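Colleague: Sharing a model that was predicted from the sequence below.
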Amino acid sequence: MIVIEPSILSADFTRLGEQAHEAEAAGLKAIQIDIMDGRFVPNITFGPGVVQALRSVVTLTLDVHLMIVEPERYLETFAKAGADRLIVHQETCPHLHRTLQAIRDLGVEAGVTINPGTPVSAIEEVFDLIDLVQVMTVNPGFGGQEFLHSQLSKIQRIRAILMREHRKIPIAVDGGIDATTAPLVVEAGATVLIAGSSVYNEYASVKENVNAMLSSIERSL
């Protein structure tokens, strides 16, 4: 089953609640909230207050992507704010195993993601601790970037490892996902597609954009 998960980084910040409701009304089950600190990535976005505000208005799964240094300092804060899943970057966690265990101890799902320049081998040892593995198909920090086709082989390698080890862990992709690239990542093995500007834009509604993406995937199968 393919899951489309809108990133609110591309939503209208003046009406985040409405935009989250639009995703919910379109039948989607989750949204991703990109937390950026201006240190690990050059941009600064949201904090736990936004997570808490969205938690109060939607029943969607809140997938919180921590693009921040020292994420272990803020895990409890975001969990208490209402996060259902916390995704950390391998690159910011010198003690990745400990950080993922700390997330699980908080009673929320744990995810790990890697940048385009990080090899799959950097996270193989923690597959037993995660509920989702995410591949960045752009360099993190800004929405609307061009998809990096070089990451397709990384998705394929992760799928091969998970199949060999009989692990049913969803593979997510984040960055440059639209009706053109969605079929490519699904063919490579992705099942969760994080999409920002291709879902939230001025050209069509969230539901129309999601349906266009799903149709492109169906046509390619």
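Modeller: Done, it's in. Residues are numbered from 1 along each chain as shown.

Colleague: ok, Y203 - contacts?
Modeller: N209 (CB atoms under 8 Å, 6 or more residues apart in numbering). Using the backbone N, CA and C atoms, a C-beta is placed for each residue, glycine as well.

Colleague: For it, give its distance to S197.
Modeller: Distance, Y203 to S197, by CB to CB, to the nearest Å: 10 Å.

Colleague: A172 - that's part of a helix, no?
Modeller: No: A172 is assigned strand when assessed by DSSP: H, G, I helix; E, B strand; the rest coil, not a helix.

Colleague: For it, the count of nearby residues, please.
Modeller: Applying other CB atoms under 10 Å, we find 26 residues neighbouring A172.

Colleague: That one against S7, yeah?
Modeller: No: using CB atoms under 8 Å, A172 makes no contact with S7, being 11.1 Å away.

Colleague: hey, what's in contact with both of those two?
Modeller: I194.

Colleague: so which strand or helix has V210?
Modeller: Using DSSP states H and E, V210 maps to helix 206-220.

Colleague: Which strands or helices does that helix pack on?
Modeller: strand 3-6, helix 16-25, helix 182-188 (3 or more CB pairs under 8 Å, 6 or more residues apart in numbering; DSSP states H and E).

Colleague: Let's have those in a markdown table, adding mean neighbour count.
Modeller: Below are these laid out as a markdown table (neighbours: other CB atoms under 10 Å):
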| stretch | mean neighbour count |
| --- | --- |
| strand 3-6 | 22 |
| helix 16-25 | 17 |
| helix 182-188 | 20 |
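
Colleague: for these, which one sits closest to T61?
Modeller: strand 3-6 (8.3 Å; CB to CB).

Colleague: quick one: strands adjacent to that closest one?
Modeller: Strand 3-6 has the following strand partners under DSSP bridges: strand 192-195 (parallel).

Colleague: May I have the partner strand as PDB, with CA atoms only?
Modeller: The C-alpha coordinates for strand 192-195 follow below in PDB (Å, rounded to 0.1, in the frame of the first residue of the first chain):
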ATOM      1  CA  VAL A 192       5.700   6.300   2.100                       C
ATOM      2  CA  LEU A 193       6.000   9.300  -0.200                       C
ATOM      3  CA  ILE A 194       6.600  12.700   1.600                       C
ATOM      4  CA  ALA A 195       5.500  15.400  -0.800                       C
END
